[in-house]
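Undergrad: Requesting a structural model of the entry that follows:
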Amino acid sequence: MRRSVLGLGLLSITCCCASLAHADEVDEAIKTQMERNHIPALVYAVVKDGHVIRSQALGSADLELKKPATQDNLFEIGSLTKQVTAMGVMILLEAGKLQLEDPISKYLPDIPPAWKEVKIRNLLYQNSGLPDYVFVPKLTLIDRFDRNVFMSEMAKLPVDFPPGEAWAYSNTNYALLGWIIEAVASEPYTQFIEENVLRPVGMTHTSFSDGKDLLGLAKGYLRQGITVIPSPRGPASIKSDSGLISTLDDLLKWDEALSGLRLVGRNSYTAMWTRGKLNSGRVKPYGTGWNLSMPFSTPYMGHGGNSAGYSAGISRFPKTRLSVIVLTNIYPLNAESIAKQIAELVEPAVKPTPFKEMVDPDPERTKKVRRAIEALSINRPDPAVMEPEACAPMRTARAKQAGAGPWRQVIFVDEFTLGDVKHQGQDVLLTYQIKSMGKSYLAVVLWSPNNKLAQAQLYGGE
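TA: Purely as a prediction, here's the structure:
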């Protein structure tokens, strides 16, 4: 029996015949992820054709009190909040109260002078070049501060790159969007979002964190090696980039609203799910709070959310009408990746096309691509084989602190083979299989006419 999204309630687990065939694989995958990442609680749901076909609450919402997790537990959802903030901007756009090409100085007169060329569009699509405030002392996720302190501390920093030159994830972008919403709507950001997004969708159990404990909130934990310790609650000094607390049922309502194109018109949804364009004319597979699929691949939109003690993820495959939502009470974790893994087990058709090695028509190019990948794996930009838009994000404070990110997984390359060559504008889209330390990865590389790496995405290795 299948139930609608709104009928989830206290349901422990439901399956339709299609999902039963993959039930054991999903159970085993989740068990492995929970053991490998020391996840105390994991709550998830799978939506197919508008119906919840599978949902479950596993583990403990409080290890010390030995409380089992339930589907009614509250979880911080971190950067999934950005999708809601972007929706607020689109609501104001449709009302004619702002334009995406407006400079942010039009609404934020107290920004540093170096930011005057940044536009609202740059904030939404994460290509503003503004440094990420969470890596600045006094402005971290566990610090309590106000707007004046934020602006004062951020004004001391240079921009990472000119607006639109490159793409680099920065929480600063969505912090500013929250204040722009306040300026345009003439009311607090939280009030505007509650009135125009949360209530119309029916997300009655969703609220903004103030750092205090709530009844039903799963306790957050930090992973330190193989040890799990209770996490301090962050004060959520800024709400618009990572401030929401929600439940599985409310996020299913959010997913249903997205599927039904509610709240805003089709053009606004198209804008939210369109890859952002850089000054070079290239597009980056990121929308407004959404990771998007590369060209020529299965249409996809998803995002992860992390906060002190929590990780959440959503994966959506619109053509097959499949969505997976995952909520956990551990940090750090790539919950979007887990949601995507569940989706691929439930619906194998959404998996990437199997890699097939081809005869390499340009071995010299492949040598240069490998050199660029090696630079990525140690987070050392190499202008000889990398375009400025690829080098710039590697010089940010986020990159310097986080290191090479997922690319560090391929620091030791055993095999590097070409599988596909496609043309994308004046660039070439190349797919390579990388084998490293017993694991297999796919690297999708955009190679420029200058014989340099412009963009790269790494997949697999789970």
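
Undergrad: List phi and psi for the residue most central in space within the chain.
TA: Among the residues of the chain, the one closest to the centroid is H303, at 2.9 Å (CA atoms, centre = their mean). When read as degrees, to the nearest 10, the backbone of H303 gives phi -170, psi 160.

Undergrad: Could you verify my assumption that it touches I325?
TA: No. When contacts are counted by CB atoms under 8 Å, H303 is not listed as touching I325 (11.0 Å). From N, CA and C alone the C-beta is placed, and that goes for glycine too.

Undergrad: Overlap in contacts, the two.
TA: In terms of CB atoms under 8 Å, 6 or more residues apart in numbering, H303 and I325 are both contacted by the residues 313-314.

Undergrad: which residues in the stretch 151-300 of the chain form strands?
TA: 207-208, 221-224, 227-230, 244-246, 276-277, 283-284, 291-292 (DSSP state E, counting those that start in this stretch).

Undergrad: hey, where'd the helices end up in the protein?
TA: Taking DSSP state H as the criterion, the chain carries its helices at 17-20, 23-37, 81-94, 120-124, 147-154, 171-185, 189-193, 199-201, 248-259, 266-272, 335-346, 363-377, 388-391, 397-402.

Undergrad: what packs against the third one?
TA: Going back to what we said before, that points to helix 81-94. Packing contacts for helix 81-94, counted by 3 or more CB pairs under 8 Å, 6 or more residues apart in numbering; DSSP states H and E, involve helix 120-124, helix 171-185, helix 189-193, helix 266-272, strand 301-307.

Undergrad: Report the buried residues of it.
TA: Across helix 81-94, burial judged by 16 or more other CB atoms under 10 Å covers 81-93.

Undergrad: Which residues outside that helix are in contact with it?
TA: With CB under 8 Å, 6+ apart, helix 81-94 has contacts from 98-100, 120, 124, 174, 177-178, 180-181, 184-185, 189, 192-193, 196-198, 239-244, 254, 263-265, 268, 271-272, 288-290, 303, 305.

Undergrad: and those residues, which are buried?
TA: Buried subset of the contacts of helix 81-94 (neighbour count, 16+ other CB under 10 Å): 98, 100, 120, 124, 174, 177-178, 180-181, 184-185, 189, 192-193, 196-198, 239-244, 254, 263-264, 268, 271-272, 288-290, 303, 305.

Undergrad: circling back to that earlier point, turn the strands of the stretch 151-300 of the chain into JSON lines, including mean pLDDT and distance to I53.
TA: Putting the strands of the stretch 151-300 of the chain into JSON lines (pLDDT from 0 to 100; distance: least, CB to CB, whole Å) gives the following:
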{"stretch": "strand 207-208", "mean pLDDT": "96", "distance to I53": "28"}
{"stretch": "strand 221-224", "mean pLDDT": "95", "distance to I53": "29"}
{"stretch": "strand 227-230", "mean pLDDT": "96", "distance to I53": "31"}
{"stretch": "strand 244-246", "mean pLDDT": "98", "distance to I53": "21"}
{"stretch": "strand 276-277", "mean pLDDT": "96", "distance to I53": "33"}
{"stretch": "strand 283-284", "mean pLDDT": "94", "distance to I53": "33"}
{"stretch": "strand 291-292", "mean pLDDT": "97", "distance to I53": "24"}
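
Undergrad: Quick check: which of the ones you listed is nearest to N379?
TA: strand 283-284 (18.7 Å; CB to CB).

Undergrad: Provide the strand pairings for that closest one, with the direction of each partner.
TA: Neighbouring strands of strand 283-284 in its sheet, by DSSP bridges, are strand 276-277 (antiparallel).

Undergrad: What lies in contact with the partner strand?
TA: With CB under 8 Å, 6+ apart as the contact definition, strand 276-277 has outside contacts at 121, 124-127, 164, 167, 283-284, 286-287.

Undergrad: For these, which single residue is the most surrounded?
TA: With neighbours taken as other CB atoms under 10 Å, the top of the contacts of strand 276-277 is N127, carrying 29 neighbours.

Undergrad: Tell me which residues touch that one, please.
TA: N127 makes contact with 163-168, 276, 278, 284 under the criterion CB under 8 Å, 6+ apart.

Undergrad: Could you do L80 as well?
TA: 244, 246, 251, 289, 303-305, 312-314.

Undergrad: just to revisit the earlier point, just put the helices and strands packed on helix 81-94 in JSON lines and tack on distance to P354.
TA: Listed next are the helices and strands packed on helix 81-94 as JSON lines, based on distance: least, CB to CB, whole Å:
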{"stretch": "helix 120-124", "distance to P354": "35"}
{"stretch": "helix 171-185", "distance to P354": "37"}
{"stretch": "helix 189-193", "distance to P354": "42"}
{"stretch": "helix 266-272", "distance to P354": "31"}
{"stretch": "strand 301-307", "distance to P354": "21"}
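
Undergrad: Just put the ones you listed in TSV and tack on distance to Y221 and mean pLDDT.
TA: Listed next are these as TSV, based on distance: least, CB to CB, whole Å; pLDDT from 0 to 100:
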stretch	distance to Y221	mean pLDDT
helix 120-124	32	98
helix 171-185	22	98
helix 189-193	26	98
helix 266-272	32	97
strand 301-307	12	97
